[in-house]
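S.K.: got a predicted structure plus its sequence, pasted below:
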Amino acid sequence: MTMLPEPSAIKLGLVIDLDICVGCQACVVNCKEWNTAGYGAPLADTDAYGAAPTGAWLNRVHAYEAGEGAAARTVHFPKSCLHCEEAPCVTVCPTGASYKRAEDGIVLVNEDWCIGCGLCAWSCPYGARELDPAEGVMKKCTLCVDRIYNDNLPEEDRQPACVRTCPTNARHFGDLGDPESEVSLMVAARGGMDLMPEQETRPVNKYLPPRPRRTADEAPMSLVSMAEADSPQGFWKWVDSTLERLG
């Protein structure tokens, strides 16, 4: 059994905004590319274009239909390792291959020690572990530990590949142990949530919930009545003020 370190003051993790994720899969693809060429052994693909493709992906985006009627919407839900403070994948590991770093809270796998027993995958309530079919060892999100501390990269690139590539800025990276950090303030302002808090794993990563949908006024819109109003609003107010400035 592997022991967890004392809680670290620095808690590096992700904040994902479910309101603006469009499910484009850019984070998934860039994660795959970076981790195939970077930290650890390559992420394998088997029969990628055949009838039964298999492979390892450290980040996935699921799509769900939520709500009914006019309130219905599609929610794109990215999921990877949440770097839990009470990480069951670490404490169940018989070889010590799964471990949590004391200095920043990142959960990693020492692939040289991993025997591919699968206990960590069974214990993870989020399904965030992947058994590489070629290597026979467990893989998981590393928060791109080989990028974020790499002084050879430009400063703007020292963040996880998924964050760097997100076209809508739905993914954010930072220290969630610092209440004044940008990510912590974002979580506080938007009511950031833990995934499955009932599991008591205390995930570091947080999700920002979708904002309520704006509903249109049920009364029919009449451009004529808006134009004839004593105090025009919206577009007609802009037209009125523009005409006044033109004299």
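M.R.: Sure, I can see it. Numbers count the residues shown, from 1 in each chain.
S.K.: next helix or strand past the worst-scoring helix or strand of the chain on mean pLDDT?
M.R.: Least confident helix or strand, the chain: helix 223-228 with a mean of 63, by mean pLDDT, DSSP states H and E. The C-terminal neighbour of helix 223-228 among helices and strands, as given by DSSP states H and E, is helix 234-246.
S.K.: residue 183 reaches residue 177, doesn't it?
M.R.: No - look at residue 183 against residue 177 with C-beta atoms under 8 Å: they stay out of range, at 10.1 Å. The way it works is simple: take the backbone N, C-alpha and C, and place the C-beta from them, glycine included.
S.K.: which one of the two has more residues nearby?
M.R.: For residue 183 against residue 177, the residue with the higher neighbour count under other C-beta atoms under 10 Å is residue 183, and the figures read 21 against 18.
S.K.: what's near enough to touch that one?
M.R.: The contact partners of residue 183, by C-beta atoms under 8 Å, 6 or more residues apart in numbering, come to 13, 15, 172, 173, 174, 175, 176, 206.
S.K.: helix/strand/coil for it?
M.R.: Following DSSP: H, G, I helix; E, B strand; the rest coil, we place residue 183 in the helix state.
S.K.: give me the pLDDT value at the nearest residue to it once chain neighbours are set aside.
M.R.: For residue 183, ignoring the flanking residues on the chain, the nearest one in space by C-beta to C-beta, 6 or more residues apart in numbering is residue 174 at 3.7 Å. Among the per-residue scores, residue 174 shows a pLDDT of 97.
S.K.: can I assume residue 174 sits in a strand?
M.R.: Yes - note on residue 174: a strand contains this position according to three-state DSSP.
S.K.: just checking, it touches residue 12?
M.R.: Yes - judged on C-beta under 8 Å, residue 174 makes contact with residue 12 at a distance of 7.3 Å.
S.K.: look up the closest residue to residue 196, ignoring the ones flanking it.
M.R.: Distances taken as C-beta to C-beta, 6+ apart put residue 125 closest to residue 196, at 5.8 Å, once the chain neighbours are dropped.
S.K.: correction: the previous question concerned residue 28.
M.R.: Using C-beta to C-beta, 6+ apart and skipping residues adjacent in sequence, the residue nearest residue 28 is residue 59, 5.2 Å away.
S.K.: OK, contacts around the one you found?
M.R.: Each residue near residue 59 by C-beta under 8 Å, 6+ apart is listed here: 27, 28, 31, 32, 78, 79, 80, 141, 162.
S.K.: just the ones in helices from those residues, please.
M.R.: Cross-referencing the contacts of residue 59 against helices under DSSP state H gives 27, 28, 31, 32, 162.
S.K.: show me where the chain has its strands.
M.R.: Taking DSSP state E to define them, one finds strands in the chain at 12-17, 45-46, 54-55, 60-66, 73-79, 98-100, 107-109, 130-131, 138-139, 171-175, 206-208.
S.K.: now for the fourth one, which elements pack on it?
M.R.: Judged by 3 or more C-beta pairs under 8 Å, 6 or more residues apart in numbering; DSSP states H and E, the packing partners of strand 60-66 are helix 26-37, strand 73-79.
S.K.: nice, that's everything, thank you.
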